[in-house]
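Peer 1: after the sequence you'll find the predicted model.
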Amino acid sequence: MNRSGAWTITIVFGVIILIPSLLGFAMKFGELITLTKNVSDSGGFAITPVVNYLLASLGFFCLLMWAALNGMFRDLEQPKYNMLENERELDRNV
Amino acid sequence: MATLTIPKTQSVYTHEELVDEKIIKWYFAAALTFLTTSMLAGLLVSLQLIRHNPFAGIELFSPGRWRMVHTNAVAYGFLANGFLGCLHWAIPRLTLQPVLDRRLSWFIFAAWQAVVGATAAGILLGEAQGLEWGETPVWVDPVAQLGLMLVALNFGTPIARMKGPMYVTLWYFMAAFIWTPLTYAMGNFIPEYFVSGTSAGAVGGLFIHDLVGLFVTPLGWGLMYYFVPILIKKPIWSHGLSLVGFWGLAFFYPLQGIHHFLYTPIPMFLQYGAVVSTIAVELVVTTVIINFFGSIWGNWSIVRTNLPVRYFYTGMVFYFLTCLQCSFQVTLTFQKIIHFSDWVVGHAHMVMFGVFSMWIMGMMIYLFPRLLKREWASQSLLEWHFWLSTVGLAVMAGDLILLGLFQGWSWAALEPWDASTEFSVPFWAIRAIAGLAMFGGLIALITNIFKTLKAASANA
C-alpha cells in the first residue's frame, strides 16, 4: 500500500472511532460538570480523577505528535539493530 | 525510506567512561538490604495472622506498622534501588552518553537511602501518612519529590541529547521519568493539602495503581526490552509492535485507578471507563507478550540454560497472568466477591514479586559477574534461589487467590466475620511457609554474592 493510501485508511478509521467516542465522553463529562455545579457540597471528587487523566493524556498526545513530526516513526525497526550493534561495539572495547 | 538513526561511530566514550559500575554495586547492595527488611516484615505479619506473633504487645513491632514497612521497603527500597542500579548501566550504554553528573548520581543515591530509612523510621514511630503505599511521613514527601525530579534530570539529559528515532526502552524510561514525579506529587500532596473525602480516596486509588503502572511498569518493561535482546543475541521480534505497547500503556493506563473504587459514589460512567481501559490494557499487554515470545521462538532451550533469561520469562508469564486476572477482577461481578479479600493480596504479590522482583533478580544475576569481573561462585545456589522464589511465590499467590474466593463467598452468604477468619488460618499458615521459602531463596542469593565477593577479593 502506498503512503497516501495508508494515511487515508488511518484517518478514516480514526474519524469513525475517535469522533463518536470523543463526543460521547465530552457529553457525559459536560453533564457531570453541570451536575456538580448544582449540588451544595463539593462535587469535585468526581472531576479530580478525570482531570488528572486528561492532563496526563494531553501531555502524551503532544509527545506523540512531536515524535511523529520529528521522524521518530519513519524507520520503525532500525533502532533495534542499532542498539545491539552499539552493545557489541562497547563490549569489544572492554 | 530515510533512516534517521545514530551512527554507532558517534560514541566517543568507552564503557568505563559511560558506566559508573561502583554506584550500581551500591544500589544493588541497598536494594537487597531493603528486600531483606521487607521480607522479614512480611514474615512478621504472616506470623501475626496465624496467631504466633513473637512481638505481641510491643507497639514498635505492631503488625499494622510492619505491614507498611513491608510494602514501602519493597516499593521504594528494593524496586527503586534495583531499577536505579540497572538504569545506571542501561541508559549510558543505550544513549552512548554519560549521565548528567556522576556527583549528582552519588548525591541521589545517598539522599534516596535517607528517604527510605526515614520513611521506615517514621512509620515505626507512628508518623505514617494515611495513604496506601504513600505512607511516607509528610515531612519526607518534599525530599522524595525533589529526589525523583533529580533522577529525571540526571537520566533524562543523556536521553534528550540523543538524535533520531529512539529505541523502545528509552521511550519507556522517558515516560517513567515524567510519570513518576507527577504520580508521587498527585498521591502525596493532593489528598494531604487540597482535596478530602471521596475525592482524596479517588486520587489515592489513582496513586496506588499509577505507582505500579507508571513507575514500576515502564522501567521494568524498558529494561526487559534492553536486556532480553542482548542475552538471546537477537533483536526484539518487532520494534513497531513494542511501540504499540508503549503508547497503549500511555493512553489506557492513567484512567485505570478508579477500578479500585467500583460501587462507590464516583459516577458510573467513570467506573465503566476504568473497567474498559483496564481490559484494553490487557490487549496491549498481549501484544508485548507476543513480541517477547516471538523473539525467543525456536530458541526455547535458552530458558533452561541461561538463568537471567529464565527469570525474565518467568516474570513475563506472571505478568500476563496478573493482567489477565486484572481484566476479570475489575468487572463489577468479580468485585462483588473479591473486594477486601485476600485475592487482592495474592494478586499484589504476583505482580510485585512474581514480575518485577524476578526481573530485578535476573538483571542482578546477569550484571553481578560483569561488575565483579568474576563468575558466580555457586551455580547451585542460583538454582536454589530461582526455584525457591518461583515455587514459593506460585504457592503463596495461588493460596491467597483461592482464599480470597472463599472469603468473598462467605461474606456474600452473610456468614459472621469471625467464621471467615477461622477458616482462613490454614491458608495463612501455607502463606507463611511459602514466604519462608521465598526468604530462603533470598538467603541463597545473598550467600552466593558473599561467596563470589570473597573469591573475587582472593583473586585480586
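Peer 2: Alright, I've got the coordinates. Numbering: from 1, shown residues only, chains lettered A, B, ... in the order given.

Peer 1: mind listing what's buried along the helix or strand A:G14 falls within?
Peer 2: Using DSSP states H and E, A:G14 maps to helix A:3-37. Buried residues in helix A:3-37, counted by 16 or more other Cβ atoms under 10 Å in any protein chain shown: A:K28, A:F29, A:L32, A:T36. All C-beta spots, glycine's among them, are computed from the backbone N, C-alpha and C.

Peer 1: who are the packing partners of the helix or strand just after that helix?
Peer 2: Downstream of helix A:3-37, the first helix or strand assigned by DSSP H and E is helix A:44-69. Counting contacts by 3 or more Cβ pairs under 8 Å, 6 or more residues apart in numbering or on different chains; DSSP states H and E, helix A:44-69 packs against helix A:3-37, helix B:168-189, helix B:197-210, helix B:239-252, helix B:268-296.

Peer 1: pull the distance from the fourth one to the chain's centre.
Peer 2: Read it as helix B:239-252. 19 Å (Cα atoms, centre = their mean, to the nearest Å).

Peer 1: which ones are touching A:A67?
Peer 2: Counting by Cβ atoms under 8 Å, 6 or more residues apart in numbering or on different chains, A:A67 touches A:F73.

Peer 1: thinking again about what came up before, check which helices and strands the helix holding A:G14 sits against.
Peer 2: Helix A:3-37 packs on helix A:44-69, going by 3+ Cβ pairs under 8 Å, 6+ apart.

Peer 1: now the angle between helix B:268-296 and the helix it packs on, please.
Peer 2: Per axes from the mean of the first three to the mean of the last three Cα atoms, to 10 degrees, the angle that helix A:44-69 makes with helix B:268-296 is 40 degrees.

Peer 1: quick one on the thing from earlier: so how far is the helix holding A:G14 off the chain centroid?
Peer 2: Relative to its chain's centre, helix A:3-37 lies at 13 Å (Cα atoms, centre = their mean).

Peer 1: give me the mean pLDDT for it.
Peer 2: Mean pLDDT, helix A:3-37: 84.

Peer 1: okay, angle between that helix and helix B:268-296 too, please.
Peer 2: 150 degrees.

Peer 1: what about the residue in the stretch 351-460 of chain B that chain A sits nearest to, distance to B:G362?
Peer 2: Nearest residue of the stretch 351-460 of chain B to chain A (Cβ to the nearest Cβ) works out as B:R370 at 8.9 Å. Distance, B:R370 to B:G362, by Cβ to Cβ, to the nearest Å: 14 Å.

Peer 1: who has more neighbours, these two?
Peer 2: Legend: neighbour count by other Cβ atoms under 10 Å in any protein chain shown for B:R370 and B:G362, higher for B:G362 (26 against 15).

Peer 1: in terms of helices and strands, where is the more buried one?
Peer 2: Assignment of secondary structure by DSSP H and E places B:G362 within helix B:358-372.

Peer 1: sorry, back to before: could you dump the buried residues of helix A:3-37 to JSON lines with distance to B:P98?
Peer 2: As requested, these are exported to JSON lines (distance: Cβ to Cβ, whole Å):
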{"residue": "A:K28", "distance to B:P98": "49"}
{"residue": "A:F29", "distance to B:P98": "46"}
{"residue": "A:L32", "distance to B:P98": "49"}
{"residue": "A:T36", "distance to B:P98": "50"}
